[in-house]
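Visitor: sequence first, then the predicted structure:
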Amino acid sequence: MTTPDQSMTQEMRDAQGRVLVFDSGMGGLTVAREICQMAPALKVDYAADTGFFPYGDKSDEALRARLPDVAEALVREAQPDVFVIACNTASTLALDEVRARLDIPVVGTVPAIKPAASLTRTGVIGLLATPGTIRRAYTAKLIEDFASEITVILHGSVELVRLAEAFAAGEAYDGGGFTAALAPIFDAKDGGDVDTIVLACTHFPLVRAQLAAAAPDGVTFIDSGAAIARQTLRVLEGAAPQPRTGEAGGRLYITDEGGDHGRLVKVCGRFGFDRVCPPVLLPAKR
Ligand code: DGL
């Protein structure tokens, strides 16, 4: 979404400083893209937790144990002014823990339930996310706070995360996967009335057009990308960053070695993150 935005000041558009955008894989690129478009002078780097991808099917304990450690290691390496967790699965579980560990501001990503609730005309919305995000207390609280008057049909899919990555890389993919990912929402009780679907996984905007084509006409898909980008710029404005390093942006960090990262490197390069850095590895935990 790049429509003129009244809530953006010129200072926000001219923002300086360095931002590290983080996700399990390439989903966070949909957030990084919004940040780069809104504030072209920012130095933006990208980190994918390749050593633990995908997050959506990991246990809460495993993710909670990993996230502060991986965030700390990446921030030590990249030296950003703001750390953006461009991942719903991680933010809805461990945003506070990551904040507690870092000494810089952290911006999280949470499902766009509030805007969807004000957008729907039928009073029935879908929430498409990873299984992790679907089962979170955080998500239940968002629904309670902002969507208690409407019907929310939830569905979690890790398959769609993998499909989005394959699609983004231009590889062969199963087009039926989009219909399959949406079916549990539209086939549910009241599913025929769904007019708005929240893409509550940052991977899913990569395949927004494919999902829209697989959905009935008139269904609107919304995500949090632009809102996170605006929040990042607001936080930067308050942080008044001092240049920590003169290095350009466009760096790509991964968190394992020896894996095949060809697909990730290719897609990240297309989004402007073409300076692949040595892997940031975590010491093994006992
Ligand atoms: N992109 C992530 C999200 O927003 C998670 C995808 C995954 O690793 O399962 O939830």
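Guide: Everything's here; your move. Note that the structure is predicted; figures quoted are calculated from it, not measured. Numbering: from 1, shown residues only.
Visitor: please count neighbours and contacts with C-alpha atoms only from this point.
Guide: OK.
Visitor: after whichever strand or helix holds residue 37, next one along is what?
Guide: If you go by DSSP states H and E, residue 37 is part of helix 29-38. On the C-terminal side of helix 29-38, the closest following helix or strand by DSSP H and E is strand 43-48.
Visitor: I'd like the average pLDDT over the next helix or strand after that following strand.
Guide: Sequence order places helix 60-78 as the next helix or strand after strand 43-48, per DSSP H and E. In this model, helix 60-78 has a mean pLDDT of 97.
Visitor: my read is residue 155 is in a strand, agree?
Guide: Yes: Residue 155: assigned to a strand according to DSSP: H, G, I helix; E, B strand; the rest coil.
Visitor: residues in a beta bridge with it, which ones?
Guide: residue 128 (DSSP bridges).
Visitor: which residues does it contact?
Guide: Taking CA atoms under 8 Å, 6 or more residues apart in numbering as the criterion, residue 155 is in contact with 126-131, 134, 184-185.
Visitor: can you tell me how far it is from residue 182?
Guide: Per CA to CA, to the nearest Å, residue 155 is found 8 Å from residue 182.
Visitor: any common contacting residues for these two?
Guide: Taking CA under 8 Å, 6+ apart as the criterion, residue 155 and residue 182 both touch residue 128.
Visitor: so for residue 244, what's the pLDDT?
Guide: In this prediction residue 244 is given a pLDDT of 62.
Visitor: pull out the buried positions in stretch 221-238.
Guide: By 16 or more other CA atoms under 10 Å, the buried positions in stretch 221-238 come out as 221-226, 228-237.
Visitor: quick check: the residue of the stretch 151-286 of the chain found nearest the ligand vs residue 130, distance?
Guide: In the stretch 151-286 of the chain, no residue comes nearer to the ligand than residue 201, which is 3.3 Å away by CA to the nearest ligand atom. According to CA to CA, residue 201 and residue 130 sit 7 Å apart.
Visitor: intersection of neighbour lists for the two?
Guide: Common neighbours of residue 201 and residue 130 (CA under 8 Å, 6+ apart) are residue 89.
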